[in-house]
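>>> Here's a sequence, model it:
(one chain, ligands or ions: 1)
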Amino acid sequence: MRSVVLVAVLLTATSLHAETGRDAWLRYTELDEAFAQHYRDALPSSIAVLGQDVVEQTARQELIRGIRGMLRRTLRTEQRLPADAAIVLGTSDEFRRLAPQFAITLGLTADAYWLKTTDIKGTRYILIVGGNPQGVLYGAFALLRKVALGDAVNELDDKQTPAVPIRWVNEWNNLNGTIERGYGGSSMFWENEHAREDMSRVSEYARMLASLGINGCSINNVNADPRVLSPDLIPQVARIADTLRPWGVKVAIAVDFGSPKTLGGLDTFDPLDPSVSAWWKSKVDDIYRAIPDFGGFVLKADSEGRVGPSTYGRTHADAANVVARPLKPHGGVIFYRGFVYDHHMDWENLKNDRARAAYDNFHDLNGKFDDNVIIQIKNGPIDFQVREPVSPLFGALDKTREAIELQITQEYFGQARHLVFLVPMWKETLDFDMHIRDRSTPVKKIVGAVVGVSNVGMDENWYGNHMSQANLYGFGRLAWNADLSPRQIAEEWTRLTFGADPVVAKTIVDMQLTSWRTFENYTGPLGLQTLTDIVGNHYGVAVEASERNGWGQWHKADSKGVGFDRTVATGTGFIGQYSPAAMKLYETLENCPDDLVLFMHHVPYTHKLHSGKTVIQYIYDSHYDGAETVERYAKEWKALNGRVDERRYQEVLAQLEYQAGQAIVWRDAVNNWFFKESGIADSKGRVGHHPGRIEAESMRLTGYTPMPVTPWEAASGATAVECGEAKCAAAVTYVGDAGRHNLVVQYFDHQDGVSRFRVWVGSQFVDEWTAADRLPTRKVDSSSSSRRTIRGLELRGGDEIRIEGIPDGRETAALDYIEIVSAQ
Ligand code: GCV
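Coordinates of the predicted model:
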């Protein structure tokens, strides 16, 4: 409930000093005086903590920090319970023992909290009661959030219990300091095969996690380096644990199943071999000696080249249990990943289907896992694609603990370069009803743990993109309470991160709530999955990259039709892995939702969707819609100039403008590819027709030479021009109407150099730039394809437009095309 107080928030001036994003949603910016006074009146001016636990001390410090920041008041710290008004913190047990006058009888489970205003003999107290010290800290953050959001704090009576007890993040950080699928810089944990000396970023990150109620963090890549268990490294893990502990975050590590052999020197890692179980026991005991509150392990076995129990003909249960048993007496758990599939699958066998793999590998093992084993299941059956159905494995393990794994880092979602708010997608998964045994069983009621692959880095704003922080925020909020709506989460994050200006809030929230659909529209609609280079960087468009290889992410498009027949009737039978009610939803074309039709069925391009459009026309239209929407986002963002601090305004604008250009690259590549394959024209005449576009290869070239681009759809006309000399030029004579025009230059910017470009109209120099962006490719391809728009040029027929390219290193100042469009 937002209170009357909110009205006052809306009137507060936005603080517009340059912000880096480092404070994320915990900025605690000053409230305007009238508003601050309101809260100073409502909140006591002293604070007392009943317990000694370090997490409770953190809670007190955080309250002091937040209230000082927002209200310009430094709470007075009391060593014992004061006789006058105070904020009092403690666990329910401490309240009962040490402050019986408050008569706390309410039972609170671990991590739960209760914010309660109470009066004793006319003295006003705000109690922050936790089920444990973590609960106290979460309560402190909740109170601060209320103040920052403008919620009422006068008569508090707010009890919150987390939906699941285990809410962890996984960081795929390598010991050498790189991060697998991390887009926000290098690791904050590791550098040169060691834990970093300076742990200050880890501490800041732990604070962010704690503010969301996240209580565990696995600090290394699931493609685990066995050395993480070496005697040298364990004390370093302990140092990281010491940094996380004050924030109530347990440390965990990912382990390699072959460690008993590779690290321990045994001649086997067979889970049923007594020497192997003894090795795990001794290793686990060593860890707990160094880290008594160690959380546990994450294990990826028999997947994507990782060794596993199959080496010895053993089961995943054998593997999980041998590691779980020594953890058990210490209270540790093992997350055993359900992401197991064969990446050497025969693509010519029409019955093969990667989507079946998790269920096929695990469902027979239901009930065979020890009770401290949690099977960690990705939201969908493939791999974090732009749209997937819910993994059927969630419905198959009723005698085994399950966790859902969500990917916060935007691997297949434009990495740090595209705005995509993932909460609506996660919410759909969590709400999806598996209908087990004909009873309502949404995924959120099945799972007992929620894990997010976070991968934050050392970049000032953590993710390399201010907007991506919303995904970490949303992950944490949903992990705590899966019933929150995406809108509520987006509104909270936006207000906390960008302030209370309603115009800013509306613009950002609207973008966020539509951004998943927008991204899907230009990267892989109708259940095609992300049409990216799946054997490469998972970033740029490459429609065929997923076909004809063993990775199994096939969309099966050919000249006649598209989509993967996963029906029970004629396909791979994947749909049969669901309960009858869910099966019914997907098995027939009549019932199957349009959004997943090509994931479940192979259909001709002319198949009519429920929307009435043909599949091919939908593909064309959605790509135009998606690209136009991103362009609109950039325009809407521009309207916020002066309402957002300059630094973040400029950085988000640059990101959105880049995204708008990339969306056009995707639009053209996907549409051209399907047009060529299907031979069916776009009913609106857009595909293949680009008024004002002039291919670089058709310009007057000096030094530049044409080169074919692979895959062909990554460049307009399948060809770019590249410069093999010190300097090259491409020129054309303008023949259109006189007037104001925008000139688009589509060029390529990869990682091997910083080329320069200069543009002239006649003898007038009009623009220059360098190709110095951080893009994940070393080639002329769709990932490096970039766009420069020179606005408002007054052109006359006969003008010569000339682009000069100056290569650098291995980067060839390559050009794709120019486009001249009226600016009227
Ligand atoms: C850590 C996908 C990613 C890999 C990742 C793997 C996993 O395949 O591309 O980088 O490996 O998932 O989740 O284990």
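
>>> Now do the helices in the stretch 101-250 of the chain.
133-149, 200-212, 234-244 (DSSP state H, counting those that start in this stretch).

>>> can you check the stretch 301-450 of the chain too?
Going by DSSP H, counting those that start in this stretch, the stretch 301-450 of the chain shows helices at 316-327, 357-362, 423-431, 443-446.

>>> Tell me which of the helices of the stretch 101-250 of the chain sits most buried.
For these, the largest average neighbour count (mean count of other C-beta atoms under 10 Å) is found in helix 133-149, namely a mean of 24. Bear in mind the C-beta positions are built from the backbone N, C-alpha and C, glycine included.

>>> relative orientation of that one and helix 200-212 in degrees?
With axes from the mean of the first three to the mean of the last three C-alpha atoms, to 10 degrees defining the directions, helix 133-149 sits at 80 degrees from helix 200-212.

>>> Out of the helices of the stretch 301-450 of the chain, flag the one nearest residue 802.
Closest approach to residue 802 among those (C-beta to C-beta): helix 423-431, 45.8 Å.

>>> List of residues touching that closest one?
379-380, 387, 390, 404, 406, 442-444, 470-471, 474-475, 478, 482, 485-486, 489-490, 512-513, 516 (C-beta atoms under 8 Å, 6 or more residues apart in numbering).

>>> how far is that helix from where the chain is centred?
Centre-to-centre, helix 423-431 and its host chain are 13 Å apart (C-alpha atoms, centre = their mean, to the nearest Å).

>>> now swap in stretch 685-704 and tell me
Worked out by C-alpha atoms, centre = their mean, stretch 685-704 lies 36 Å from the chain centre.

>>> quick revisit: Throw the helices of the stretch 101-250 of the chain into CSV and include mean pLDDT, thanks.
Listed next are the helices of the stretch 101-250 of the chain as CSV, based on pLDDT from 0 to 100:
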stretch, mean pLDDT
helix 133-149, 98
helix 200-212, 98
helix 234-244, 98
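
>>> related to what we said a few turns ago, just the ones of the contacts of helix 423-431 in strands?
Of the positions in those, 404, 406 sit in strands, assigned by DSSP state E.

>>> picking up where we left off before, got the helices of the stretch 301-450 of the chain as JSON lines, with mean pLDDT, distance to residue 740 and mean neighbour count columns?
Shown next, in JSON lines, are these (pLDDT from 0 to 100; distance: least, C-beta to C-beta, whole Å; neighbours: other C-beta atoms under 10 Å):
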{"stretch": "helix 316-327", "mean pLDDT": "98", "distance to residue 740": "65", "mean neighbour count": "24"}
{"stretch": "helix 357-362", "mean pLDDT": "98", "distance to residue 740": "56", "mean neighbour count": "22"}
{"stretch": "helix 423-431", "mean pLDDT": "98", "distance to residue 740": "39", "mean neighbour count": "21"}
{"stretch": "helix 443-446", "mean pLDDT": "98", "distance to residue 740": "54", "mean neighbour count": "19"}
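
>>> Can I get these in JSON lines including distance to residue 623?
Formatted as JSON lines, the helices of the stretch 301-450 of the chain follow (distance: least, C-beta to C-beta, whole Å):
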{"stretch": "helix 316-327", "distance to residue 623": "41"}
{"stretch": "helix 357-362", "distance to residue 623": "30"}
{"stretch": "helix 423-431", "distance to residue 623": "19"}
{"stretch": "helix 443-446", "distance to residue 623": "30"}
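
>>> Which stretch among those helices approaches the ligand most closely?
helix 357-362 (11.6 Å; C-beta to the nearest ligand atom).

>>> hmm, that closest one touching the ligand?
No: applying C-beta under 6 Å from any ligand atom, one finds helix 357-362 separated from the ligand by no less than 11.6 Å.

>>> Up against the ligand, what does this structure have?
Contact residues, the chain versus the ligand (C-beta under 6 Å from any ligand atom): 172, 180, 181, 221, 222, 223, 300, 304, 339, 383, 411.

>>> Quick check: the third one touching residue 411?
Yes: with contact taken as C-beta atoms under 8 Å, residue 181 and residue 411 are classed as touching, separated by 4.5 Å.

>>> Looking at these two, which is more packed in?
residue 411 (23 against 17; other C-beta atoms under 10 Å).

>>> who touches that one in this structure?
181, 384, 538.

>>> For the ligand, state which of those residues is nearest.
residue 181 (5.0 Å).

>>> Against residue 543, how distant is that closest one?
When distance is defined by C-beta to C-beta, to the nearest Å, residue 181 is 22 Å away from residue 543.

>>> cool, and residue 476?
Residue 476 sits 35 Å away from residue 543, taking C-beta to C-beta as the criterion.

>>> Make JSON lines from the contacts of residue 411 and add pLDDT to it.
Formatted as JSON lines, the contacts of residue 411 follow (pLDDT from 0 to 100):
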{"residue": "181", "pLDDT": "98"}
{"residue": "384", "pLDDT": "98"}
{"residue": "538", "pLDDT": "98"}
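
>>> What is the nearest of those to residue 611?
residue 384 (26.1 Å).

>>> what's the spacing between the residue nearest to that closest one when sequence neighbours are not counted and residue 696?
In space, and not counting its chain neighbours, residue 384 is closest to residue 407: 4.4 Å by C-beta to C-beta, 6 or more residues apart in numbering. Distance of residue 407 to residue 696, computed by C-beta to C-beta: 37 Å.

>>> So residue 770 is in contact with residue 756, correct?
Yes: taking contacts as C-beta under 8 Å, residue 770 lies within contact range of residue 756: 5.2 Å.

>>> Which one's more surrounded, the two?
Each of residue 770 and residue 756 has its neighbours counted (other C-beta under 10 Å); residue 756 has more, 17 against 13.

>>> On the pLDDT front, check that one for me.
On pLDDT, residue 756 comes in at 98.

>>> Tell me, how many residues neighbour residue 69?
Neighbours of residue 69 (other C-beta under 10 Å): 19.

>>> separation between the closest residue to it other than its chain neighbours and the ligand?
Leaving aside its sequence neighbours, residue 69 sits nearest to residue 28 (C-beta to C-beta, 6+ apart; 3.1 Å). Distance, residue 28 to the ligand, by C-beta to the nearest ligand atom, to the nearest Å: 35 Å.

>>> so how far is the host helix or strand of residue 673 from its chain's centroid?
Using DSSP states H and E, residue 673 falls within helix 646-678. In this view, helix 646-678 has its centroid 19 Å away from the chain centroid, taken as C-alpha atoms, centre = their mean.

>>> Do me a favour and average the pLDDT over it.
Mean predicted lDDT for helix 646-678 stands at 98.

>>> Residue 581 reaches residue 437, doesn't it?
No: look at residue 581 against residue 437 with C-beta under 8 Å: they stay out of range, at 10.2 Å.

>>> between the two, who's got more neighbours?
The neighbour comparison of residue 581 against residue 437 (other C-beta under 10 Å) goes to residue 581, with 14 against 10.

>>> Setting aside sequence neighbours, what's the nearest residue to that one?
Nearest residue to residue 581 in three dimensions, chain neighbours excluded: residue 435, at 3.7 Å (C-beta to C-beta, 6+ apart).

>>> Also residue 419?
Going by C-beta to C-beta, 6+ apart, residue 419 has residue 467 as its nearest residue, at 4.6 Å.

>>> Could you confirm that neighbour falls within a strand?
No: counting by DSSP: H, G, I helix; E, B strand; the rest coil, residue 467 falls outside a strand, being helix.
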